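Trainee: below is the structure, and that's it, no one-letter string:
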């Protein structure tokens, strides 16, 4: 059988061709991500007024000339040449904007030959596309949070995306956080969909033969091929209409979890990773080749994660030729709130010679510095995105079910015995720095396909306001309702003598998302965070909501 061409293969699921996404945004700037259907030179035009005129052909004039002739004043007009090297994706860094202002944007081809490009305005021509910069000092801040996007697991259902789209608009949200597993590359074989690691296992001989080079292999060629496989998943998964409308309208902040790479990535040893692609009765002579393929898959997953997700986050040091040196964690501010997004996969290594096997020592040090930063000192509320919750399951579930296929899932958890010391260090820093501040500190998480709210109480910091809010999954099949019994009822935190937890709410059995609002209390003496967990509640588009006030 010929080797699959991931750039041109049959699929019952349609793939994304052209799309836009609003990335990290401040009152005066935005990072606007695009994916176009064809390589070439593309202009991004941003204006305070909707674009007008012949946006199909632009009079066959150069883009700047046409816009000038129409009297369209742009605040940003620049071109980029996009190629298949990055899957025709790119990011435009737009600055010089004004706070609290609506801006319209369009992606326009520089190609004037109608035989090559019939419709020159690919995005923003048929209907206006726009975003709004946040105000400089808002009294309240509203944003959305979701995780675990997998419509394939639910027969292609959009899940809670349409309801989230409505709520973001109704509540005039400022931005959205994607808390991990924005694609699933590895879990839907039973649904007749490609599992990237199962595919590699079944087709590695053909792949190696195609890229054989002398006595070795064309490693860059294999990596390019694997990149195209990972890209294929993004193009299928990100083609949900209501999801796309959210992406093109509101700023998105994203972080990966394991399913952008491999289920349980970081909680598996190298030998266990190799076993995922080892054939039955395969000799040990294949160990080096299998390790090469696992390493190349890791490099490909990093590169494509950067292309589709991290490239539009706030910038961090990235060297895609050395993925292990990349910094995927980042901080940002919105309104009078400070955010830190933890990376729990890029440096997660159960075999690492490092006391912090989930985050790595370098990231833990950056997080500790951020806690003492001017941004956090000035903030009214503090949020920490931890793709896996710091508290969720009962201890017996996490530490006594870690066998067989459940082993990596359990070892991913902060509550697992191998991670408890690292969790203690993380929380000790949070309480020591912010425990006496009176500010709400909220951990935001996904991963577990349930929803929950906990308060973390510390004996030495009785006035501390530290919470865990979990919302998962927006479109993947949720955990069965009976698993609510497995969610911690509260009580002591294993490995931490001074902290106990109160469970304020728990839910399993429904797809869900969260809306959060940071606001002054009614008497104006403190800051509170309103959490609203939403899930589909009927047969005709109804919405069910659970309101929890953190203060």
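Mentor: On my side now, so go ahead. Not measured: the values here are computed from a predicted model. Numbering: from 1, shown residues only.
Trainee: show me where pLDDT drops low in the protein?
Mentor: 1, 399-408 (pLDDT under 70).
Trainee: domains of it?
Mentor: Domain assignment for the chain by automatic domain parsing gives 19-132, 141-183+238-256+309-550, 184-237+257-308.
Trainee: what's the span of the longest one from first residue to last?
Mentor: Which is domain 141-183+238-256+309-550. Start-to-end span of domain 141-183+238-256+309-550 (Cα to Cα, to the nearest Å) is 14 Å.
Trainee: who's in contact with residue 229?
Mentor: 6, 196, 199, 300 (Cβ atoms under 8 Å, 6 or more residues apart in numbering). Using the backbone N, CA and C atoms, a C-beta is placed for each residue, glycine as well.
Trainee: swap in 7 Å and give it another go.
Mentor: Residues near residue 229 by Cβ atoms under 7 Å, 6 or more residues apart in numbering: 6, 196.
Trainee: gap between it and residue 301?
Mentor: Computed as Cβ to Cβ, to the nearest Å, the residue 229 to residue 301 distance reads 10 Å.
Trainee: quick check: buried residues in stretch 422-441?
Mentor: 422-427, 430-431, 433-435, 437, 439-441 (16 or more other Cβ atoms under 10 Å).
Trainee: from those, which land in strands?
Mentor: 440-441 (DSSP state E).
Trainee: so which of the buried residues of stretch 422-441 belong to helices?
Mentor: Counting by DSSP state H, the part of the buried residues of stretch 422-441 found in helices is 422-427, 430-431, 433-434.
Trainee: related to what we said a few turns ago, nearest to residue 13, out of the domains of the chain?
Mentor: Closest to residue 13 of those is domain 184-237+257-308 (Cβ to Cβ; 4.8 Å).
Trainee: can you point me to the longest helix in the chain?
Mentor: Under DSSP H, the chain gives helix 287-308 as its longest helix.
Trainee: what packs against that helix?
Mentor: If you count contacts as 3 or more Cβ pairs under 7 Å, 6 or more residues apart in numbering; DSSP states H and E, helix 287-308 packs onto helix 196-210, helix 219-237, helix 270-275.
Trainee: packing partners for the last one?
Mentor: Here helix 270-275 is seen to pack against helix 287-308 when contacts are counted using 3+ Cβ pairs under 7 Å, 6+ apart.
Trainee: quick one, the helix it packs on and helix 219-237 angle?
Mentor: Orientation check (axes from the mean of the first three to the mean of the last three Cα atoms, to 10 degrees): helix 287-308 against helix 219-237 gives 50 degrees.
Trainee: next, the buried residues of the helix or strand just after helix 287-308.
Mentor: Next along the chain after helix 287-308, taking DSSP states H and E as the criterion, comes strand 330-334. Residues 330-332, 334 are the ones in strand 330-334 that count as buried (16+ other Cβ under 10 Å).
Trainee: ok, stretch 205-225 next?
Mentor: In stretch 205-225, counting by 16+ other Cβ under 10 Å, buried: 207-208, 211, 217, 222-225.
Trainee: what's the span of that stretch, first residue to last?
Mentor: 14 Å.
Trainee: can you give the contact residues for that stretch?
Mentor: Identification of contacts with stretch 205-225 by Cβ under 7 Å, 6+ apart yields 3, 289, 296, 299-300.
Trainee: if we go to 8 Å?
Mentor: With Cβ under 8 Å, 6+ apart, stretch 205-225 has contacts from 1-3, 6, 200, 289, 292-293, 296, 299-300, 303.
Trainee: redo the residues you listed as JSON lines? Include distance to residue 517.
Mentor: Putting the contacts of stretch 205-225 into JSON lines (distance: Cβ to Cβ, whole Å) gives the following:
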{"residue": "1", "distance to residue 517": "54"}
{"residue": "2", "distance to residue 517": "54"}
{"residue": "3", "distance to residue 517": "51"}
{"residue": "6", "distance to residue 517": "42"}
{"residue": "200", "distance to residue 517": "44"}
{"residue": "289", "distance to residue 517": "53"}
{"residue": "292", "distance to residue 517": "49"}
{"residue": "293", "distance to residue 517": "47"}
{"residue": "296", "distance to residue 517": "44"}
{"residue": "299", "distance to residue 517": "40"}
{"residue": "300", "distance to residue 517": "39"}
{"residue": "303", "distance to residue 517": "37"}
